[in-house]
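Sequence first, then the predicted structure, then my questions.
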Amino acid sequence: MDVGEMAAALAVTGVRFKYIFFDACLMQNLEVAYALRHVTDCVVAAPMPIPAAGAYYENQLRHGLFAESPSAIVATYVSDVSSPSLSYQYDDYGITLSAVHTAALEPLAQVLRRALPHSAAAGRASASMEGVLNYQAYTRSYYYRPHNYDAAEALRRLLPESFHEEALLALNRAVISKGTTGRFWIGPNSWDYQQVNEKTYCGVSLFVPQNVYADNAGRTPHGNLNEAFRQMEWYDAAGWNATGW
């Protein structure tokens, strides 16, 4: 899916949506939400691979999709995946998802434009992301798709401490709702689960350029992910070019 083409197609309709709900894998990230800022007030999605069953739409129709706030979609989804009565559908797969207010992303981008030149990625450095929550396992089994790091945890790692409060405040204003079951299956093995620190996560991912994405460019149909990132509007808006990436 080319989210830029999607945004352009939706813009042609002349409709500004209250929300766009992606019941699909890996769609909740700053790059996607920013690309859709002109066509929707809110993006509701998961930063992780969702359960194959997707949302339980009987409950979403009753409690989520037509509620006053898109936050109800998040709450309903987490409740359903956690429900013992729906364990036949979700087992212990788990879920993490959020609702992002797209108009609040520009203030975050402004903070990052000032902070990234002083970050751990400055000078085209491949920052150590060890221990940062990732929503996608980086493995050949998944065609070397990116790690999809949690944005809050990644910014704490990347930015100088002097920027933490300002950046996280801007991020928290953008994330109007989040929810998690506390852990989720990340794979590729049946025993591979990811634990979520509910005090530090935000439920939205971001892309962090790294040398490994160039190293494995020939091993994935996605090519060099760092180069693909440069085509995203968020790359320019957040000032990633100042890092050398």
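Sure thing, it's come through.

Need the pLDDT of the residue in the chain sticking out farthest from the centre.
The centre of the chain is farthest from one residue, residue 85, which by CA atoms, centre = their mean lies 28.5 Å away. Residue 85 carries a pLDDT value of 96.

I'd like the distance between it and residue 170.
39 Å (CB to CB, to the nearest Å). Using the backbone N, CA and C atoms, a C-beta is placed for each residue, glycine as well.

residues in contact with the closest residue to residue 219 other than its chain neighbours?
Spatial nearest neighbour of residue 219, excluding adjacent residues (CB to CB, 6 or more residues apart in numbering): residue 144 at 5.8 Å. Contacts for residue 144 (CB atoms under 8 Å, 6 or more residues apart in numbering) come out as 138, 213, 216, 219-220, 222.

With residue 8 instead?
Residue 8 neighbours (CB under 8 Å, 6+ apart): none.

and it, what element?
Element membership of residue 8 [criterion: DSSP states H and E] is helix 3-12.

For that helix, output the C-alpha coordinates as PDB.
This file holds the C-alpha atoms of helix 3-12, laid out as PDB (Å, rounded to 0.1, in the frame of the first residue of the first chain):
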ATOM      1  CA  VAL A   3      -0.200   5.700   1.800                       C
ATOM      2  CA  GLY A   4       0.600   8.800  -0.300                       C
ATOM      3  CA  GLU A   5      -1.600   7.500  -3.100                       C
ATOM      4  CA  MET A   6      -4.300   6.600  -0.600                       C
ATOM      5  CA  ALA A   7      -4.300  10.100   0.800                       C
ATOM      6  CA  ALA A   8      -4.500  11.600  -2.700                       C
ATOM      7  CA  ALA A   9      -7.400   9.300  -3.600                       C
ATOM      8  CA  LEU A  10      -9.300  10.200  -0.400                       C
ATOM      9  CA  ALA A  11      -8.700  13.900  -1.000                       C
ATOM     10  CA  VAL A  12     -10.500  13.700  -4.400                       C
END
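
show me where the protein has helices.
For the chain, the helices defined by DSSP state H occupy 3-12, 30-35, 57-59, 71-82, 87-90, 105-115, 151-158, 161-174, 211-215, 225-229, 233-237.

Please name whichever of those is nearest to residue 190.
Nearest to residue 190 among the helices of the chain is helix 87-90; the distance by CB to CB comes to 15.2 Å.

which residues are in contact with that closest one?
Applying CB under 8 Å, 6+ apart, the set of residues contacting helix 87-90 is 51, 53, 56, 80-81, 83.

just those residues now: which is nearest residue 235?
residue 51 (30.8 Å).

how about the nearest residue to that closest one once chain neighbours are set aside, what does it touch?
Nearest residue to residue 51, sequence neighbours excluded (CB to CB, 6+ apart): residue 93, at 4.4 Å. The neighbours of residue 93, taking CB under 8 Å, 6+ apart as the test, are 51, 81, 184-185.

Please apply the same query to residue 105.
Contacts of residue 105 by CB under 8 Å, 6+ apart are 30, 33-34, 37, 174, 237.

same check, this time on residue 29
Applying CB under 8 Å, 6+ apart, the residues near residue 29 are 47, 148, 151, 204-207.
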